[in-house]
Structures are given as C-alpha cells and as structure tokens.
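Trainee: test case, fold it:
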Amino acid sequence: MQGARIISVGSAVPDLCINNKDISKIVETSDEWIVTRTGIKERRVLTGSNKSVVDLAYCAGMKALNKIHMDPLEIDLIILATSSPNDLFGSASQVQAKIGAKKAVAFDLTAACSGFVLAIVTATQFIQNGSYKNILIIGADVLSKWIDWSDRKTCILFGDGAGAAIIQACSEEDNAILGFQLNTDGKQSDELSIIYKEDISPLNTFKLFQGQFQYISMNGKEVYKFAVSKVPASITKCLNSLHLSTRDINWLLLHQANKRILKAVADRLSIDTSKIISNLSKYGNTSAASIPLALDEALQNNKITKDDIIVISGFGAGLTWGTVVIKWKC
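Mentor: Residues are numbered from 1 along each chain as shown. Predicted structure coming up:
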C-alpha cells in the first residue's frame with residue numbers, strides 16, 4: 001500500500017456579495033437576527049445565465065494546479081463533489097475538458113455537505129491501491145439556484161463557491177491521510193432535501209408521470225440535533241481507531257453550516273474554540289465547497305503548519321456524515 005497526501009489546494013467564489021441587509025429587503029429578517037442565530041454576515045452568489053458550477057470548479061482546480069506548476073495532463077482522475085451540477089448526468093466531464101486534463105477519468109460524487117470528505121476518502125482509496133498517482137478533487141456547489149428566496153429558513157444560509165485539492169501518491173511512511181469514519185442514515189433524508197415532485201396526472205397514453213425538482217427544504221432543528229450528536233461521535237471513533245485523542249488535534253475543520261453547530265461540536269469534544277477553522281461569516285453554507293474553501297483560506301493566512309493534525313468532518317443531506325484525519329505535510 002502506498003501513501004497519499006494533499007500537495008495543493010485552491011478555491012473560488014463568485015463576485016456578487018449579498019449581505020444580511022440585502023436579504024432583509026426580500027424577507028422579514030435583520031442582520032442581527034441572522035448573525036445571532038447562524039454567524040453568517042454575507043454570502044457569494046453566482047450570477048449570469050451562462051455561469052454554472054463548472055466555472056467555479058474550473059477556477060478552483062486551476063488555482064490548485066498553478067500553485068505547484070502542475071500540468072493538467074498529469075492528473076489521472078477528477079472527482080467533482082457537487083449536488084448542483086448544471087447537467088443531471090454530471091458536470092465533472094465538463095470540468096475535465098475545461099481544465100485540459102485529457103488523460104483524466106472524471107466523475108461526479110453526490111453527497112451534499114459531506115461531499116468533500118467522501119471525495120478525500122475515495123481519492124485516497126484509488127491512490128493507496130495503486131490505481132492512480134495524481135487526483136484532483138473539487139467540492140463545488142451553487143445552491144443559490146435551488147433556493148426559494150421567499151423562504152427565510154433557507155435563503156439566509158446558503159452561498160456559492162468551490163474548493164479544490166490535489167492528492168498525490170507518496171511513500172507509505174509519508175502518508176498524510178491517517179484515517180476516516182463514514183455514516184449514513186437514510187431514514188432522516190427528508191430533514192434536508194431537494195425533492196423531485198411528479199405532476200398529478202399522466203401526460204400520455206402510457207401513463208408516464210413527469211415533474212421537476214423543488215427548492216431546498218430543511219428542518220433546521222432536526223439538522224442541528226443530528227449534527228451536534230453524530231459529528232462528535234464520528235470524530236471520537238475515528239481518533240480512537242488511530243490511537244489519538246482530542247489533545248493531539250491542532251485544527252478542527254467542520255462543514256461550515258452554522259456557528260452554533262461548530263461551537264457545540266467543539267464543546268462536546270472539549271476542544272478549545274481557538275482551534276476551529278471557520279470562514280462561515282463571509283461565505284455562508286457553501287455545501288461541498290465549504291471545507292476546502294476554509295482550508296485554502298487558513299493556509300493562505302499561515303494558520304496551518306507542517307505536521308499539524310487536522311480533523312475534518314462533513315455532515316448534511318442524506319443524512320450523511322463523516323470524518324477524515326490528516327497530517328499536513330506541505
């Protein structure tokens with residue numbers, strides 16, 4: 001078995017910034033109400049009829065490649081973690097073409113806010129079994145396209161963005177993806193979803209029903225209870241399997257959903273809040289993009305140093321949740 005490590009990251013967000021005062025013009029809310037309950041001050045939203053998740057994914061991926069001067073032809077596999085493709089058949093192939101990674105296999109991975117964690121784990125498996133050497137993983141979502149902007153429960157939360165990482169094969173001794181722990185509870189899938197609704201009557205003699213996807217629907221209270229109970233348990237189980245404790249953690253990087261969730265998870269694990277990596281206030285919940293977006297910003301700000309232990313945990317629709325523990329090697 002060979003090792004795997006992250007050698008570069010990149011991120012991209014749209015230009016349009018919508019703050020809480022802007023939101024209060026379309027629904028009954030206020031900056032104080034949103035900040036107090038979520039920690040979000042503003043979010044970025046993709047505009048333009050010809051702009052899609054592919055554009056953000058491309059920008060994030062190219063930044064990761066350019067940082068280490070890697071030729072796109074060196075990429076063997078592209079995994080695009082997204083729940084908002086611009087083509088229901090998938091958008092990874094479009095990213096592959098736009099980047100110019102002609103030799104790479106490309107596919108979408110749909111796991112909503114847990115998507116980037118699952119992408120790390122999936123890429124690591126391909127590398128550790130010797131199938132591929134260089135893998136580009138991208139978490140990107142444009143959930144603004146699936147928001148009911150008259151629904152105060154959801155329109156205040158979500159933003160658009162993309163984050164990318166290049167995972168490369170290395171010696172077993174230099175392995176930096178230390179371990180992972182993943183879970184799913186499909187019985188709670190209705191708590192956070194974008195459901196497909198069929199028309200009431202069939203359209204033809206074959207009695208085939210057709211319909212369309214609805215807007216984001218979320219039960220905030222249940223999602224909060226799910227996150228603050230399941231995520232600490234997942235982290236604890238993963239750390240125990242590696243014979244590590246919370247005292248060994250340098251940084252806690254959680255899906256950027258809500259500041260109350262971030263604090264509650266840290267408190268349950270007795271991890272000091274100074275170890276939480278967060279940029280939630282600037283971008284809101286960017287789904288699969290939130291973890292790599294925050295990771296890239298933390299690295300740009302020189303927060304993370306060589307050999308730091310980072311616990312990364314994603315959670316969301318599905319319901320899915322999972323943890324991956326990495327040692328920063330760059």
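Trainee: residue ranges of each domain in this protein, please.
Mentor: Following automatic domain parsing, the chain resolves into domains at 3-174, 177-190+216-327.
Trainee: show me how far the last one is from its chain's centre.
Mentor: In this case it means domain 177-190+216-327. Put simply, domain 177-190+216-327 sits 10 Å off its chain's centre (C-alpha atoms, centre = their mean, to the nearest Å).
Trainee: ranges for the helices of the stretch 51-200 of the chain?
Mentor: In the stretch 51-200 of the chain, the helices defined using DSSP state H, counting those that start in this stretch lie at 53-67, 92-99, 115-128, 152-155.
Trainee: run through who's touching the shortest one.
Mentor: What it means is helix 152-155. Here helix 152-155 makes contact (C-beta atoms under 8 Å, 6 or more residues apart in numbering) with 23, 26-29, 147-149, 215-218, 220. C-beta here means a position set from N, CA and C on the backbone, and glycine is covered the same way.
Trainee: if we can go back for a sec, so which of the helices of the stretch 51-200 of the chain gets nearest G39?
Mentor: G39 lies closest, by C-beta to C-beta, to one member of the helices of the stretch 51-200 of the chain: helix 152-155, at 15.9 Å.
Trainee: which residues touch the residue nearest to L295 when sequence neighbours are not counted?
Mentor: Leaving aside its chain neighbours, L295 sits nearest to V9 (5.8 Å; criterion: C-beta to C-beta, 6 or more residues apart in numbering). Counting by C-beta under 8 Å, 6+ apart, V9 touches A64, K67, G163, A164, A165, I166, P292, L295, D296, L299.
Trainee: how about stretch 279-298: buried residues?
Mentor: By 16 or more other C-beta atoms under 10 Å, the buried positions in stretch 279-298 come out as 279-280, 282-298.
Trainee: same question, stretch 199-218
Mentor: Under the neighbour-count criterion of 16+ other C-beta under 10 Å, stretch 199-218 has Y215, I216, M218 buried.
Trainee: buried residues, stretch 310-321. List them.
Mentor: Buried positions in stretch 310-321, judged by neighbour count with 16+ other C-beta under 10 Å: I310, V311, I312, S313, G314, F315, G316, A317, G318, L319, T320, W321.
Trainee: how about the contacts made by the residue nearest the centre of the chain?
Mentor: For the chain, the residue nearest the mean C-alpha position is A288 (2.1 Å; C-alpha atoms, centre = their mean). Taking C-beta under 8 Å, 6+ apart as the criterion, A288 is in contact with 81-83, 111-116, 119, 139-141.
Trainee: do the same with E28
Mentor: Residues in contact with E28 (C-beta under 8 Å, 6+ apart) are R152.
Trainee: any idea how far K221 is from it?
Mentor: 20 Å (C-beta to C-beta, to the nearest Å).
Trainee: list the contacts of the residue lying closest to Y132 once chain neighbours are set aside.
Mentor: Closest residue to Y132 apart from its sequence neighbours, by C-beta to C-beta, 6+ apart: D76 at 3.9 Å. Applying C-beta under 8 Å, 6+ apart to D76 gives the contacts K103, A104, V105, Y132, K133, N134, I135.
Trainee: find the nearest non-adjacent residue to the fifth one, please.
Mentor: Okay, so that is K133. A169 (4.6 Å).
Trainee: need the per-residue pLDDT for that neighbour.
Mentor: A169 carries a pLDDT value of 98.
Trainee: hang on, N204 in a helix?
Mentor: No - applying DSSP: H, G, I helix; E, B strand; the rest coil, one finds N204 to be coil, outside a helix.
Trainee: returning to that earlier point: what's the burial count for the residue nearest to K133?
Mentor: A169: 21 surrounding residues under other C-beta atoms under 10 Å.
Trainee: also L254?
Mentor: Neighbours of L254 (other C-beta under 10 Å): 26.
Trainee: now do A92
Mentor: A92 has 25 nearby residues by other C-beta under 10 Å.
Trainee: for I6, same thing?
Mentor: Close neighbours of I6, defined as other C-beta under 10 Å, add up to 25.
Trainee: and the stretch of helix or strand V324 belongs to, what does it pack onto?
Mentor: Using DSSP states H and E, the element containing V324 is strand 320-327. With contacts defined as 3 or more C-beta pairs under 8 Å, 6 or more residues apart in numbering; DSSP states H and E, the packing partners of strand 320-327 are helix 115-128, strand 177-184, helix 220-241, strand 309-316.
Trainee: could I get the ones you listed as CSV with distance to S93 and mean pLDDT?
Mentor: Listed next are the helices and strands packed on strand 320-327 as CSV, based on distance: least, C-beta to C-beta, whole Å; pLDDT from 0 to 100:
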stretch, distance to S93, mean pLDDT
helix 115-128, 16, 98
strand 177-184, 26, 98
helix 220-241, 32, 97
strand 309-316, 24, 98
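Trainee: for these, give me CSV that also has distance to I40.
Mentor: Listed next are those as CSV, based on distance: least, C-beta to C-beta, whole Å:
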stretch, distance to I40
helix 115-128, 19
strand 177-184, 26
helix 220-241, 13
strand 309-316, 16
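Trainee: closest one to K263 among the ones you listed?
Mentor: Checking the helices and strands packed on strand 320-327 against K263 by C-beta to C-beta gives helix 220-241 as the closest, at 9.4 Å.
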